[in-house]
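Q: Need a 3D model of the following:
(one chain, ligands or ions: 2)
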Amino acid sequence: MTLHAATAPVPSPPAIRASPSLFAHFVAGVTPHRTQAQFLEDRSPVKVAACGRRWGKSTAAALDVLHLAVVGDALGRPTEQMIVAPSADQATIIGDEVERLLQNGPLSPLVRSIVHAPFFEVALTNGSIIRARSAANEGKYLRGRGAHRVIVDEAAFVSERTLQEAILPLLADTNGQLVLISTPFGHNTFWEYFQRGQGVDPSCHSYQFPSHQNPHISHAYIEAQRDTMTDLQFRAEWLAEFLDDHSTVFKWPLIDAATRGVLCGPLPGRRYVLGWDPAKYHDHSAVIVLDVSSYPWHVVACETLEGRDYGRQVARVAALAQSYGGAGVVMDATGNAALLEQVLATGLPCEGVTFTNPVKQQLIDNLVLVLERGGLTFPPLPALLQELRYYSYTLTSSGAVKLGAPDRAGAFDDLVTALALAIRAMMQPASVQRVVSLHDVVDQLGVGYEREIAALEKAYAIDSRY
Ligand SMILES: Nc1ncnc2c1ncn2[C@@H]1O[C@H](COP(=O)(O)OP(=O)(O)OP(=O)(O)O)[C@@H](O)[C@H]1O
Ligand SMILES: [Mg+2]
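A: Ligands and ions are numbered 1, 2, ... in the order given. Alright, predicted model coming up:
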């Protein structure tokens, strides 16, 4: 749809009401760009958009939501819409955009109430409701509500199970619309929906929108991103291509399967370990706390610490480990024995690992093994997921294999290293006295987990010393 030039007559009110992009332009005061308008005008029961970063997903989704909320369904009746994203923070991004558009324009008299906590909810005076919820914990926060439309942002990172068991049921009574928007992430469920929308099924339409289709983002900016990431990452994230994960270390379906649950403060009776990758090359270090009291192990805290002030970093790591019941620390102490001494001086059990290529390879291999065995889960934390997805094997100019993020500005792998170090605490219990050992965990698994136990024992060659 082409929007009217300034000189063209203003369309009639019914025409504006009928068209989400005219509504956006004339009522909400935002002119959708060409491909946003194409997406907004699509009324298919299922519509899917594979988008590059900065294409304008949040803006388009907010405009779509606003239109249906204000105009109502085909008979003008109020509607209920649910915005869903892998985490609460991501869900509120579109919610915030909706709120901004509502508050700052001619639509503000239509707002009856806006609630932010515990869940985002906007009520309009016409009776329409807009909610935003996280898909975490297999969609636990979504259950029990119907909706005329569900918009799933970053849908490629929501599990098939959550989609089937928590999201689709929301639409069952209303015969409502399902909107899936995401940057692509391999050939997973989102891709299957995308494929469906490319075929003959009239109820489903899909689109591929690379970032450069947003005229408000400069091409130079997009091109500059090429230098900060691998080709694979650039093609997935900016060109919106569905790719395989051949050159990456952690296979994407494994990452997908492990992504669940939420961060959590220390709980009595549970046991934790902490992995720390101190700042070396970047002014950036990473800490992961793993709950190892039940299987699979779960990431409960994930922090990046800025700056190279080691005193401050040690204080933070020690405080975190103390708060988690004196969690055993495993840290990268390569070329920095003094730092290890500082942590030991706090009284915490701590192992310093000296990185060589084989040691790093072993650490990463262990992390891969644990993931393959379903032994680890983590919340949908964008920074961690990003690092895991693109962690690669690359060949250096001398022909050696290098592990990690590509050597480019803006590409980090510290969280992955911290996670691998935390996993090591379970492999080397003798060096971190106070942590629960893998053997303890195997004991706890008990009846019904014989296969997992056998796999763990084989993988880590557990012996009776543990
Ligand atoms: N129709 C529009 N008119 C003006 N600016 C727009 C429009 N659509 C998007 N933008 C601008 O383009 C930028 C990216 O938009 P938006 O945040 O909606 O994209 P996104 O795809 O959600 O990005 P991200 O990948 O960061 O989540 C923002 O600065 C936004 O204001
Ligand atoms: Mg966005």
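
Q: phi, psi of residue 160?
A: Main-chain dihedrals, residue 160, degrees, to the nearest 10: phi -60, psi -40.

Q: what's the spacing between stretch 381-389 and its chain's center?
A: Relative to its chain's centre, stretch 381-389 lies at 7 Å (C-alpha atoms, centre = their mean, to the nearest Å).

Q: likewise stretch 330-344?
A: 31 Å.

Q: Buried residues, that stretch. List them.
A: Neighbour-count burial for stretch 330-344, counted by 16 or more other C-beta atoms under 10 Å, picks out 330, 331, 332, 333, 334, 336, 339, 340, 342, 343. For the C-beta atoms, the positions are set from N, CA and C on the backbone; glycine is no exception.

Q: any idea which helix or strand carries residue 130?
A: strand 129-134 (DSSP states H and E).

Q: Can you list the strands that that strand pairs with?
A: strand 80-85 (parallel), strand 120-124 (antiparallel) (DSSP bridges).

Q: Deepest-packed of these, please.
A: Greatest average neighbour count among the strands paired with strand 129-134 goes to strand 80-85 (a mean of 26), per mean count of other C-beta atoms under 10 Å.

Q: and that one, C-alpha only, in PDB?
A: Extracted in PDB, the C-alpha atoms of strand 80-85 (Å, rounded to 0.1, in the frame of the first residue of the first chain):
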ATOM      1  CA  GLU A  80      -7.900  -8.600  23.800                       C
ATOM      2  CA  GLN A  81      -4.300  -8.900  22.500                       C
ATOM      3  CA  MET A  82      -1.300 -10.700  24.000                       C
ATOM      4  CA  ILE A  83       2.200  -9.700  23.200                       C
ATOM      5  CA  VAL A  84       4.600 -12.600  24.000                       C
ATOM      6  CA  ALA A  85       8.400 -12.700  24.000                       C
END
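
Q: Please state the offset of it from the chain centre?
A: Computed by C-alpha atoms, centre = their mean, the chain-centroid distance of strand 80-85 equals 17 Å.

Q: export the strand holding residue 130 as CSV, just CAs?
A: Taking Å, rounded to 0.1, in the frame of the first residue of the first chain, the C-alpha atoms of strand 129-134 are listed here in CSV:
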residue,chain,number,x,y,z
ILE,A,129,-7.1,-4.8,26.4
ILE,A,130,-3.4,-5.2,25.5
ARG,A,131,-1.2,-7.5,27.6
ALA,A,132,2.5,-8.3,27.4
ARG,A,133,3.9,-11.5,29.0
SER,A,134,7.0,-13.5,29.0
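
Q: That strand close to ligand 2?
A: No - judged by C-beta under 5 Å from the ion, strand 129-134 stays clear of ligand 2, getting no closer than 12.9 Å.

Q: Start the count at 39 instead of 1 going forward.
A: OK, 39 is where the count begins now, so the last one is strand 167-172.

Q: Give me the neighbour count for residue 165.
A: Residue 165: 13 surrounding residues under other C-beta atoms under 10 Å.

Q: Shouldn't it be within a strand?
A: No - with DSSP: H, G, I helix; E, B strand; the rest coil as the criterion, residue 165 is coil rather than part of a strand.

Q: how close does the spatially closest residue to it that is not a sequence neighbour get to residue 109?
A: Nearest residue to residue 165, sequence neighbours excluded (C-beta to C-beta, 6 or more residues apart in numbering): residue 116, at 3.3 Å. According to C-beta to C-beta, to the nearest Å, residue 116 and residue 109 sit 10 Å apart.

Q: Check residue 52 too.
A: Distance of residue 52 to residue 109, computed by C-beta to C-beta: 10 Å.

Q: Quick check: residue 419 touching residue 341?
A: No - Residue 419 lies out of contact with residue 341 (C-beta atoms under 8 Å); the separation is 10.3 Å.

Q: Between those two, which has more neighbouring residues?
A: A count of neighbours by other C-beta under 10 Å puts residue 419 above the other of residue 419 and residue 341, at 20 against 16.

Q: show me what contacts that one?
A: Residue 419 is in contact with 125, 301, 337, 340, counting by C-beta atoms under 8 Å, 6 or more residues apart in numbering.

Q: can you do 10 Å?
A: 124, 125, 127, 297, 300, 301, 326, 337, 340, 425, 426, 453 (C-beta atoms under 10 Å, 6 or more residues apart in numbering).

Q: And residue 145, by the same measure?
A: So, once contact is read as C-beta under 10 Å, 6+ apart, residue 145 ends up touching 65, 66, 67, 104, 107, 108, 139, 162.

Q: Is it possible to get CSV of those residues that adds secondary structure?
A: Below are the contacts of residue 145 laid out as CSV (three-state DSSP):
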residue, secondary structure
65, helix
66, helix
67, coil
104, helix
107, helix
108, helix
139, helix
162, strand
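
Q: Closest one of these to ligand 2?
A: Ligand 2 has its nearest neighbour among those in residue 139, at 14.2 Å by C-beta to the ion.

Q: And the pLDDT for the residue lying closest to that closest one once chain neighbours are set aside?
A: Distances taken as C-beta to C-beta, 6+ apart place residue 66 nearest to residue 139, at 5.2 Å, with adjacent residues excluded. Residue 66 carries a pLDDT value of 93.

Q: Just the buried ones from the contacts of residue 145?
A: For the contacts of residue 145, a burial check counting by 16+ other C-beta under 10 Å picks out 65, 66, 104, 107, 108, 139, 162.
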